[in-house]
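[1] here's a sequence, model it:
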Amino acid sequence: MKFWLLVILMMVFAGRLHAESNESLEGLKFAETKVQANLDEFSGTDKYEYLVQAQKLASSLNPRGDMKTLSPLDEGCLRLQLKVLLAIAKVRDARFDPRSRENLASINITPPLADSNGVRGPSGVDPASIKDPAARRAYEDAIMENQRRMAKMNREMALSRGLDYAVLDVWIFIRNFPAGSAAKKSAFDIVEKTVTDETLRNRIQSEARPGLTW
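    Residues are numbered from 1 along each chain as shown. You can find the predicted model right below:
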């Protein structure tokens, strides 16, 4: 009996640890640890997927305090979300234009040069089938450039979406506090002091629900 009681208690404790970050201080602490681990992994690998995961971990939409004043739990959840938001904003390329011709990638590449006989291979042909060294090298370079563009597009799309969702999370979180409450004012004060980018700050403070950037 004691053994099963211990198992049940361990399961309950584990469930609390994996609960949403705004359900308890234990949940918040667990989320903070996991978020920091993802931020550290990103710093060491530059894999943007870690930032996307950190954003999902930090997401917390419903304040759990008395809604009138900003409780330590709610403040911690807000600051965690802002921490991830700023981490994503810092590394994304805000000047990247997905519609610019120079950033567009293709599914298949057509060899840019004809061979010495004036023959150009079809789109997507295996580079090894091109016998002319100059034509083959130009084709391989074009493929590598296209792969670079595709990787850049995937990265910026993921980071742009992650940032948009982070902004929306904070926007919803603050608007769950009653209008005119000390909690809402304190939350906006934290945003004002933490988010120095005017565009991001305006999106969070806007009365209109923030949408996707692109």
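[2] for residue 212, what are its contacts?
    160-161, 164 (C-beta atoms under 8 Å, 6 or more residues apart in numbering). C-beta coordinates here come from the backbone N, C-alpha and C atoms, glycine included.
[3] now with 7 Å, please.
    residue 164 (C-beta atoms under 7 Å, 6 or more residues apart in numbering).
[4] residue 98 versus that one, what's the distance?
    12 Å (C-beta to C-beta, to the nearest Å).
[5] average pLDDT for the longest helix seen in the chain, rounded please.
    The helix that spans the most residues within the chain, counting by DSSP state H, is helix 133-175. Per-residue pLDDT values over helix 133-175 give a mean of 96.
[6] ok, now which ones touch the most centrally placed residue in the chain?
    The chain has residue 162 as the residue nearest its centroid, 2.9 Å off, counting by C-alpha atoms, centre = their mean. By C-beta under 7 Å, 6+ apart, residue 162 lies in contact with 51-52, 55, 88.
[7] regarding residue 70, what is its secondary structure?
    coil (DSSP: H, G, I helix; E, B strand; the rest coil).
[8] residue contacts, it?
    So residue 70 contacts 183, 186-187 (C-beta under 7 Å, 6+ apart).
[9] just the ones of those residues in strands?
    With DSSP state E as the criterion, strands contain none of the contacts of residue 70.
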